[in-house]
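Q: Here is my input, please return the structure:
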Amino acid sequence: MADAGAIQALRAQVERLQGRRLDVPVLPVPPALAELLPGGGLRPGSSYALGRSTSLLFALLARPSQSGAWCAAVGMPHLGAEAARAAGVDLSRLVLVPDPGQRWLAVTAAIADVLPVVAVRPPARAKDADIARLAARMREREAVLLVQGPWPQTEAMIDVGDPSWSGLGEGYGLLDGRELTVTVTSRRFPSPRTGRVLLPDAAGAVSGVTGASATFAPEKHSVEPRWGLSRAVG
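A: Alright, predicted model coming up:
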């Protein structure tokens, strides 16, 4: 068994290679998502690739904004402020940059200088060198980057699938909840983690399905992240 000194030296080497500490406090997320994410939250200095679900994005922005962290959404002209508020996002701490144009990457980097959480929907693939510079900026500022779409060198990839709605009868009733499978893939995990959640739940937020638990191995009904660039309604 390795002694404490060897373990500490190995940990320090990993931290140097990754450019960030592994034990820094994470930004909070709802418990249903915390049990699926590495470290139980959003790690400062890290990036996360998301599916195109707007509900998922709101769920990740809600707790940080409620805890006092300023957030930004870049390149999302159709993002609904009222929908964000209903999902628990504190609008007084949300900055919207609907159309940054061709300089979206520079705008994202500039915002990361002053805000701890930045969400962006890239209109095109960025150059590897530009992505590396942005990653260095995020680590330096200890900011979190949430990218709707494919993105290299992420802390985790998060997507949702297998939706089912509740509340409708045979031709009557109102939709009052949507059940989804959340899948989180990370290099820190030997296999994807999946969990069944209500998104939105009765309060418009996200919560775990009663009786369901996180699964740390692929299941029959689990979904793999989909990183196509086509737009989807979430």
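Q: tell me the pLDDT at the nearest residue to T154 once chain neighbours are set aside?
A: When the adjacent residues along the chain are set aside, T154 lies closest to A49, with 4.6 Å between them (Cβ to Cβ, 6 or more residues apart in numbering). In this view, the C-beta of every residue, glycine as well, is placed from N, C-alpha and C. Predicted confidence (pLDDT) for A49: 97.
Q: Within its sheet, name the partner strands of the helix or strand containing A49 and how each one runs.
A: For A49, the host element (DSSP states H and E) is strand 47-50. When pairs are called by DSSP bridges, strand 47-50 turns out to pair with strand 144-148 (parallel), strand 156-168 (parallel).
Q: So which of those strands is nearest G88?
A: strand 144-148 (15.6 Å; Cβ to Cβ).
Q: For the closest one, report the contacting residues that lie outside it.
A: 27, 42-52, 57, 60-61, 64, 76, 108, 112, 116-122, 134, 138, 151, 154 (Cβ atoms under 8 Å, 6 or more residues apart in numbering).
Q: same thing with stretch 199-206?
A: Outside stretch 199-206, the residues that reach it (Cβ under 8 Å, 6+ apart) are 30, 32-33, 55-56, 59, 62, 86-88, 160, 176-180, 182, 197-198, 207.
Q: what are the ranges of the helices in the chain?
A: 4-18, 31-34, 54-66, 81-86, 104-112, 128-141 (DSSP state H).
Q: Make CSV out of those and add mean neighbour count.
A: What follows is the helices of the chain, written out as CSV (neighbours: other Cβ atoms under 10 Å):
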stretch, mean neighbour count
helix 4-18, 11
helix 31-34, 19
helix 54-66, 23
helix 81-86, 14
helix 104-112, 20
helix 128-141, 15
